[in-house]
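J.: This is a predicted model, with the sequence first.
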Amino acid sequence: MSRKHRTWAVLIALVVVPLVLLAIGASWFWWQLNPPGGAGATVQVQIARGCSVPCIGDELSHRGVIGPSWVFSVYARLHGDSNFRAGTYELRKNMGIDPAVTALKKGPRIAYVKLTIPPGFWLQQIAARVGRLPGLHADAFLQATRNNAVRSAFEPDGTNNLEGLLWPDTYDISAEEDEILVLSTVVQEFDKRAVQLGLGSANVQGHTAYDIIKIASLVEAEAKFDSDRPLIASVIYNRLARGMPLDVDATLIYARGNPRDRSISEKDKLIDSPYNTYTHTGLPPTPIAAVGAASLRAALAPATTSYLYYVVIDKQGHTAFASTLEQQNANIAIARQNGVF
């Protein structure tokens with residue numbers, strides 16, 4: 001080969017071939033941005049909280065919305081698009097990166113999941129339900145209830161425990177909400193509903209709002225029927241006024257720490273805990289459960305009675321009340337005859 005031919009060959013190798021390859025690469029890259037032909041079927045893509053640009057690219061590629069995920073990462077970073085919101089998006093298969101980015105920038109289709117908090121639930125039970133929601137964790141939720149990340153208007157200074165201060169209800173939770181936002185929602189709902197029921201300015205027999213919530217939580221845990229709640233509340237207030245131990249079985253269950261085990265033994269009445277209302281007079285340190293409207297009303301407006309005792313008297317859960325120990329023992333005998341215990 002002549003020198004002239006070698007020069008041309010080198011020139012082609014050094015200039016023309018790279019230009020051709022560059023053109024092919026650019027065409028391929030452009031094809032990834034806007035693929036030829038129409039987009040395919042609709043597909044739902046879930047972008048999790050904290051999902052980075054590469055993470056989003058992997059999800060889009062996995063769902064067939066785009067080709068290689070790295071192209072999405074490069075394109076998004078070159079255009080300064082990196083703050084995509086978590087949530088559910090309706091995209092199309094093979095729609096390409098450019099249309100996908102445009103759709104992502106518009107934000108997700110708001111999709112909600114249900115969170116149901118029944119009256120009487122403990123914080124640990126509520127946290128477990130939150131932990132079953134997509135992207136949320138029970139431990140993070142429970143920690144937020146104890147570190148002042150969210151506070152109730154009815155939470156006393158020096159207290160960092162939200163037990164009893166979450167309103168029981170069914171909530172719509174979006175994919176954009178984290179544990180603290182969920183907690184803030186249910187605490188704010190408690191504050192709003194408690195004020196509506198008159199707790200904000202309440203003072204029942206010298207007891208503060210927080211004490212009233214404690215009493216409401218005891219009523220919630222002890223009563224099955226709404227008609228019994230004001231009467232149980234009257235027993236609690238009457239015993240407090242006389243300096244008598246409350247002897248509320250539900251506080252023993254709370255002290256043991258297992259909400260699913262509702263059995264009580266004589267040994268349990270000796271548990272060394274400030275929540276043991278058999279060995280400690282007065283109210284427990286905090287509420288023991290989420291309180292519903294009926295229990296809070298009962299604690300705000302207890303019945304006027306001379307009752308000092310109560311016992312569940314039948315298997316349906318009705319309660320019998322007594323003013324004397326003799327009457328209480330007679331009710332206990334009836335409860336035994338009914339097979340309650």
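T.: That came through, no problem. Numbers count the residues shown, from 1 in each chain.

J.: which SS class is residue 320?
T.: Going by DSSP: H, G, I helix; E, B strand; the rest coil, the secondary structure assigned to residue 320 is strand.

J.: again with residue 49
T.: coil.

J.: quick one: it and residue 176 touch, right?
T.: Yes. If you go by CB atoms under 8 Å, residue 49 and residue 176 touch, sitting 7.5 Å apart. The C-beta positions use only the backbone N, C-alpha and C, and glycine is treated the same way.

J.: tell me, what's touching those two both at once?
T.: Common neighbours of residue 49 and residue 176, counting by CB atoms under 8 Å, 6 or more residues apart in numbering, are residue 86.

J.: Tell me where the stretch 51-200 of the chain has strands.
T.: Taking DSSP state E, counting those that start in this stretch to define them, one finds strands in the stretch 51-200 of the chain at 87-92, 112-116, 170-174.

J.: now those strands in TSV, with distance to residue 72, mean pLDDT and mean neighbour count?
T.: TSV is the format used below for the strands of the stretch 51-200 of the chain (distance: least, CB to CB, whole Å; pLDDT from 0 to 100; neighbours: other CB atoms under 10 Å):
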stretch	distance to residue 72	mean pLDDT	mean neighbour count
strand 87-92	12	82	18
strand 112-116	27	89	14
strand 170-174	25	91	14
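
J.: how about those, which one is nearest residue 228?
T.: strand 112-116 (24.0 Å; CB to CB).

J.: and the closest one, which strands flank it?
T.: Partners of strand 112-116 in the sheet, by DSSP bridges, are strand 170-174 (antiparallel).

J.: picking up where we left off before, of all the strands of the stretch 51-200 of the chain, which lies closest to residue 213?
T.: Residue 213 lies closest, by CB to CB, to one member of those: strand 170-174, at 20.1 Å.

J.: can I get the CA coordinates of that closest one in PDB?
T.: What follows is strand 170-174, C-alpha atoms only, in PDB (Å, rounded to 0.1, in the frame of the first residue of the first chain):
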ATOM      1  CA  THR A 170     -60.400   4.900  59.100                       C
ATOM      2  CA  TYR A 171     -57.900   7.100  57.200                       C
ATOM      3  CA  ASP A 172     -56.900   7.400  53.500                       C
ATOM      4  CA  ILE A 173     -53.100   7.300  53.400                       C
ATOM      5  CA  SER A 174     -51.300   8.300  50.200                       C
END
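
J.: okay, and for the stretch 51-200 of the chain, where does confidence drop off?
T.: Along the stretch 51-200 of the chain, the model assigns pLDDT under 70 to residues 79-82, 110.

J.: Now do the contacts for the most centrally placed residue in the chain.
T.: Nearest to the mean C-alpha position of the chain, by CA atoms, centre = their mean, lies residue 130 at 3.7 Å. For residue 130, the contacting residues are 115, 136-138, 141, 179, 182, by CB under 8 Å, 6+ apart.

J.: which of those residues are buried?
T.: 115, 136, 138, 141, 179, 182 (16 or more other CB atoms under 10 Å).

J.: Am I right that the fifth one is in contact with residue 135?
T.: This points to residue 179. No. With contact defined as CB under 8 Å, residue 179 does not count as touching residue 135 (9.5 Å).

J.: ranges for the helices of the stretch 1-150 of the chain?
T.: For the stretch 1-150 of the chain, the helices defined by DSSP state H, counting those that start in this stretch cover 3-11, 17-33, 53-62, 69-78, 97-105, 123-131, 138-144.

J.: Report all helices and strands that the shortest one contacts.
T.: Just to be clear, that refers to helix 138-144. Applying 3 or more CB pairs under 8 Å, 6 or more residues apart in numbering; DSSP states H and E, we find helix 138-144 packed against helix 123-131, helix 179-196.

J.: quick one: buried residues of that helix?
T.: 138, 140-142, 144.

J.: and what of stretch 203-219?
T.: Applying 16+ other CB under 10 Å to stretch 203-219 flags 204, 207, 209-219 as buried.

J.: which residues touch that stretch?
T.: 154-156, 159, 163-165, 194, 199-200, 202, 229, 232-233, 236-237, 240-241, 246, 248, 250-251, 283-284, 286-291, 295-296, 298-302.

J.: do stretch 141-155 as well
T.: 123-124, 126-127, 130-131, 160-163, 165, 179-180, 182-184, 187, 190-191, 194-195, 199-200, 209-210, 213.

J.: same thing but 6 Å
T.: Residues from elsewhere that reach stretch 141-155 (CB atoms under 6 Å, 6 or more residues apart in numbering): 123, 127, 130, 160, 162, 165, 179-180, 183-184, 187, 191, 209-210.

J.: This completes my enquiry, with thanks.
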